[in-house]
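Asks: everything below, folded, please.
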Amino acid sequence: MAPHTFRVGSCLRIVLPKREPMRELLVGFDLARLARFTAYQVDELLDDPRLIHNRRKLEVVVHNAGAWLKLLAAEGGEARVLKFFYGFVDGRPVDNQRADAQPPPLHTPAAEALSKELKRRGFALLGPATCYGLTQAAGLVNDHAVECPRHGECRQLVR
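Replies: Here you go, the predicted structure:
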C-alpha cells in the first residue's frame, strides 16, 4: 500500500522515479518490519533526499503496515483477505466497458464502502479515490477503454 499512499496528492512524474529508492528505504515494503519503524527511523527517512519528504505520509505507511497485518490476521491470511476485497465487487472483477472518450470514475460506491471498512479497521489516508485506484491496480476493476488493447488482455485474465 505504500506506493498508493505516496501517490495521493502527488504527481506521478514525481513519485515514479522515487519508487525504487522507496522500496530500498522502506525495507522492501516488508510489512512486519515497516510496522515496527520508530519515530526516529521516520526522522531518518525524512533526511534522505531520495524520498518524498512528507512526514504524515511516512507515518501513515508505518501505521497502515500494522493495520494490514491486523487485517490479514482477522481474515485468516492472504488467501482469505483476497475474498475480503472481492466482497466489494460481488465476487467478480468489474469490467466497466467504457469508451475511450468516457473517463473512468474517480470512485464508486464499492470504493466508498471499501474505504469506510478499511478506516473502521484502522487504516488511514485511504479515501474512496485511493481505494478505487487500489481496486484497479489489483485487477478487481477493468477501466481500460474497450478500444485499448489492454482492455481485452485484462478481461481474459479474469475468465
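
Asks: wait, what's in contact with F84?
Replies: The neighbours of F84, taking C-beta atoms under 8 Å, 6 or more residues apart in numbering as the test, are 71, 75. Where C-beta positions appear, they are placed from N, C-alpha and C, glycine not excepted.

Asks: can you tell me the element it falls in?
Replies: According to DSSP states H and E, F84 maps onto helix 78-86.

Asks: residue contacts, I14?
Replies: I52 are the contacts of I14 under C-beta under 8 Å, 6+ apart.

Asks: alpha carbons of whichever strand or helix holds it, as CSV, please.
Replies: Taking DSSP H and E as the definition, I14 sits inside helix 12-15. Extracted C-alpha coordinates of helix 12-15, given in CSV (Å, rounded to 0.1, in the frame of the first residue of the first chain):
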residue,chain,number,x,y,z
LEU,A,12,3.2,10.6,-10.9
ARG,A,13,6.2,12.2,-12.5
ILE,A,14,7.5,13.0,-9.0
VAL,A,15,6.5,9.7,-7.4
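
Asks: avg pLDDT for it?
Replies: In this model, helix 12-15 has a mean pLDDT of 76.

Asks: which parts of that helix are buried?
Replies: Residues V15 are the ones in helix 12-15 that count as buried (16 or more other C-beta atoms under 10 Å).

Asks: pLDDT below threshold where in this structure?
Replies: Along the chain, the parts satisfying pLDDT under 70 run over 1-11, 158-159.

Asks: walk me through the domains of it.
Replies: Split into domains by automatic domain parsing, the chain comes to 1-78, 87-159.

Asks: now the angle from the top helix by length along the chain to helix 78-86?
Replies: When the chain is parsed with DSSP state H, its longest helix is helix 55-75. On the basis of axes from the mean of the first three to the mean of the last three C-alpha atoms, to 10 degrees, helix 55-75 is oriented at 110 degrees to helix 78-86.

Asks: what's next to helix 55-75, contact-wise?
Replies: 1-2, 5-6, 8, 26, 31-32, 34-35, 37, 42, 45-46, 51, 78, 81, 83-84, 118, 121-126.

Asks: now stretch 95-113
Replies: Against stretch 95-113 from outside (C-beta under 8 Å, 6+ apart): 88-89, 94, 127-129, 131-132, 135-136, 141-143, 145-148, 155, 158.
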